[in-house]
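A.B. asks: compute the structure for the input listed below.
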Amino acid sequence: MKPLTADDIRTSMVNATRGEVERMPLPGLHEVIWESREYLGWRDPRAPLRGYLVHWVGEVPVGIVLRASETPLRPGITAMCSFCRTTQPGDQVRMFSAPRAGQAGRDGNTVGTYICSDLACSHIIRIAPPASPMVPDPAAAVAARADALAERVRSFTAGVMETR
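C.D. replies: Coordinates of the predicted model:
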């Protein structure tokens, strides 16, 4: 992923009001290892149900505001993140919804999916599987996961930008 600046992030938000963008807390950008990311995702420490996701579409950063479900999944069940396709304990995956961009979002239309609660899919997919006859090249497996994750994130944000 190409590095993002604070201005890149603030101008990239496609489903947020001007006030939401001004109040949006930014993560520590100097700490991000950009080459190990398909997107930048973070939660708002002042509003625990709010999250943000920014990624590049060509040469343009696209950002969306997310809202986590107030109700976590039931303890003791397993859930799968629809971005990284990793199964985890249910309390580590949340339903996130995002208002659609434009008038559709102002009218209350949203898009939702299950995502890792901490929005850290880029880290999870980089846990290399052990070499085996089924996975002879763990680095190639991680690269394939990264490509698939990036495509699923692009697909989700494209759905947010649809103005049906």
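A.B. asks: where exactly do the helices run in the chain?
C.D. replies: Along the chain, the segments classed as helices by DSSP state H run 6-12, 18-23, 102-106, 121-124, 138-161.
A.B. asks: select from those the stretch with the lowest mean pLDDT.
C.D. replies: Note on the helices of the chain: helix 102-106 shows the lowest mean pLDDT, a mean of 92.
A.B. asks: ok, now which ones touch G90?
C.D. replies: G90 is in contact with P72, L73, R74, P75, G76, I77, T78, A79, counting by C-beta atoms under 8 Å, 6 or more residues apart in numbering. (C-beta placed from N, C-alpha, C; glycine too.)
A.B. asks: ok, it to T71 distance?
C.D. replies: Using C-beta to C-beta, to the nearest Å, G90 is found at 11 Å from T71.
A.B. asks: got JSON lines for the helices of the chain, with mean neighbour count and distance to L66 too?
C.D. replies: Below are the helices of the chain laid out as JSON lines (neighbours: other C-beta atoms under 10 Å; distance: least, C-beta to C-beta, whole Å):
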{"stretch": "helix 6-12", "mean neighbour count": "15", "distance to L66": "14"}
{"stretch": "helix 18-23", "mean neighbour count": "11", "distance to L66": "12"}
{"stretch": "helix 102-106", "mean neighbour count": "15", "distance to L66": "12"}
{"stretch": "helix 121-124", "mean neighbour count": "20", "distance to L66": "13"}
{"stretch": "helix 138-161", "mean neighbour count": "17", "distance to L66": "9"}
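A.B. asks: of all these, which one is nearest E59?
C.D. replies: E59 lies closest, by C-beta to C-beta, to one member of the helices of the chain: helix 6-12, at 11.0 Å.
A.B. asks: which residues sit against that closest one?
C.D. replies: Contacts with helix 6-12, where a contact means C-beta under 8 Å, 6+ apart, come from L4, V21, M24, L26, L29, L40, Y52, V54, V60, P61, V62, G63.
A.B. asks: surely the first one touches L53?
C.D. replies: Yep, that's L4 we're talking about. No. Using C-beta atoms under 8 Å as the test, L4 is too far from L53 to be in contact (11.6 Å).
A.B. asks: burial count for the closest residue to L53 other than its chain neighbours?
C.D. replies: In space, and not counting its chain neighbours, L53 is closest to G41: 4.6 Å by C-beta to C-beta, 6 or more residues apart in numbering. Residues near G41, counting by other C-beta atoms under 10 Å, number 24.
A.B. asks: from M1, how far out is G41?
C.D. replies: 11 Å.
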